[in-house]
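**Student:** Below: sequence and its predicted model.
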Amino acid sequence: MKFFEKMVKPKTEEAIALMKENGILVSKTLAEVGKIVAPGVTTLELNRVAETFIRDHGAIPSFLGYDGFPYSLCISVNDVVVHGFPSDYVLKEGDIVSVDCGTFYKGYNGDSAYTFPVGEVDAETQTLLDVTKESLYRGIAAAVAGNRTGDIGHAVQSYAESFGFSVVRELEGHGIGKEMHEAPGVPNYGRKGQGARLVDGMTICIEPMINAGARAVYLAKNGWAVHTSDRRKSAHFELTVVVRKGQAELLSTFDFIEKC
Ligand code: MG
Ligand code: MG
């Protein structure tokens, strides 16, 4: 350990159990949203369904009011990478829509995202979705005690770039707990053996943002939505995990979306 390297305290097993309750709730919320993703639906309707579902379970949508963010979900369509506002935009066949959801429940946070195809998407777009999700799982496979954040970033980057896609570098994953964003930062690019050391019991969100074209992005005038500069599509998948020895443990899951 470098002298000045900041140690991130692992969570207690009690905290991890409460974070798993949050992880399950965000996972189920994403599945509720996924059930109604279709051509003709507005993204505000997705936001309404999620907010109702979260509150009906006694939790708070943690994005609402976070740094002034005005909605319960971040909804990012096509060339929007992340942090899009729900709106009266009507989803159409061939779009992709990233839905990012956070909950606050029993003193802890949950945070996950899934990019849904709207109806049928073209082959390249489907590949972008498949590769981005697989890059997340490869990142999770590297999230083991003794590794470093650079091992996660390297796993994500090397896989995504092998398909000719590019990794957004301006935004990254993060630690999570009582706060939605805690140390360490978890970049989606990097070198093996570099970055913060991962320890048993550390809870982190891994969230690759992968562009079909170039990696350059810009911030919209509203100060939130991040767009690809070349206007090509971008995909985003996020799960919360706890670092363990040998293999990370999932605190959130896509099973409710994909196995229902
Ligand atoms: Mg998120
Ligand atoms: Mg996150």
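**Tutor:** Nice, I can see it. Ligands and ions are numbered 1, 2, ... in the order given.
**Student:** drop to CA atoms for contacts and neighbour counts, all remaining ones
**Tutor:** OK.
**Student:** Run through the helices of the stretch 101-250 of the chain in chain order.
**Tutor:** For the stretch 101-250 of the chain, applying DSSP state H, counting those that start in this stretch gives helices covering 123-141, 149-161.
**Student:** Same list (those helices) but as a markdown table, adding mean pLDDT, mean neighbour count and distance to G23.
**Tutor:** A markdown table is the format used below for the helices of the stretch 101-250 of the chain (pLDDT from 0 to 100; neighbours: other Cα atoms under 10 Å; distance: least, Cα to Cα, whole Å):
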| stretch | mean pLDDT | mean neighbour count | distance to G23 |
| --- | --- | --- | --- |
| helix 123-141 | 98 | 21 | 15 |
| helix 149-161 | 98 | 25 | 20 |
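**Student:** Specify the stretch among those that is closest to I60.
**Tutor:** helix 123-141 (26.2 Å; Cα to Cα).
**Student:** packing partners for that closest one?
**Tutor:** Packing contacts for helix 123-141, counted by 3 or more Cα pairs under 8 Å, 6 or more residues apart in numbering; DSSP states H and E, involve helix 149-161, strand 203-206, strand 209-211, strand 234-236.
**Student:** at 6 Å what do you get?
**Tutor:** Helix 123-141 is packed against helix 149-161, with contacts defined by 3 or more Cα pairs under 6 Å, 6 or more residues apart in numbering; DSSP states H and E.
**Student:** what sits opposite V186 in the beta ladder?
**Tutor:** G173 (DSSP bridges).
**Student:** residues contacting it?
**Tutor:** T149, E172, G173, H174 (Cα atoms under 6 Å, 6 or more residues apart in numbering).
**Student:** run the last query once more with 8 Å
**Tutor:** Applying Cα atoms under 8 Å, 6 or more residues apart in numbering, we find V186 in contact with T149, G150, I152, G153, E172, G173, H174, G175, I204, C205, I206.
**Student:** Near ligand 1, which residues of the chain are found?
**Tutor:** For the chain, the residues found near ligand 1 under the criterion Cα under 5 Å from the ion are D100, D111, S112.
**Student:** So which of those residues are in strands?
**Tutor:** Using DSSP state E, the subset of these located in strands is D100, D111, S112.
**Student:** quick one: which of those has the most company?
**Tutor:** Most neighbours among these, by other Cα atoms under 10 Å: D111, with 30 neighbours.
**Student:** That one: what's it in contact with?
**Tutor:** G23, V26, D100, C101, G102, T103, M180, C205, E238, L239, T240.
**Student:** Quick check: it vs L73, distance?
**Tutor:** D111 sits at a distance of 11 Å from L73 (criterion: Cα to Cα, to the nearest Å).
**Student:** A183 now?
**Tutor:** 23 Å.
**Student:** What of A123?
**Tutor:** A123 is 27 Å from L73, where distance means Cα to Cα.
**Student:** One more: T127?
**Tutor:** To L73, T127 is 25 Å away according to Cα to Cα.
**Student:** could I get the helices of the stretch 101-250 of the chain as JSON lines with distance to E93?
**Tutor:** As requested, the helices of the stretch 101-250 of the chain are exported to JSON lines (distance: least, Cα to Cα, whole Å):
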{"stretch": "helix 123-141", "distance to E93": "12"}
{"stretch": "helix 149-161", "distance to E93": "25"}
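**Student:** Show me the one of the ones you listed that comes nearest S62.
**Tutor:** Closest among those, once you apply Cα to Cα, is helix 123-141, at 22.7 Å.
**Student:** What are the contacting residues of the closest one?
**Tutor:** Outside helix 123-141, the residues that reach it (Cα under 8 Å, 6+ apart) are 115, 117, 151-157, 159-160, 163, 165, 206-212, 233-239, 241, 247-248.
**Student:** ok, back up a step: now do the shared contacts for D111 and L73.
**Tutor:** D100, C101, G102.
**Student:** need the contact list for the last one.
**Tutor:** Taking Cα under 8 Å, 6+ apart, we find G102 in contact with V26, P61, S62, F63, S72, L73, N109, G110, D111, S112.
**Student:** Report the contact partners of D79.
**Tutor:** H227, T228, R231, R232, K233, S234.
**Student:** Count the residues that sit near the last one.
**Tutor:** The burial metric for S234, expressed as a neighbour count using other Cα under 10 Å, is 33.
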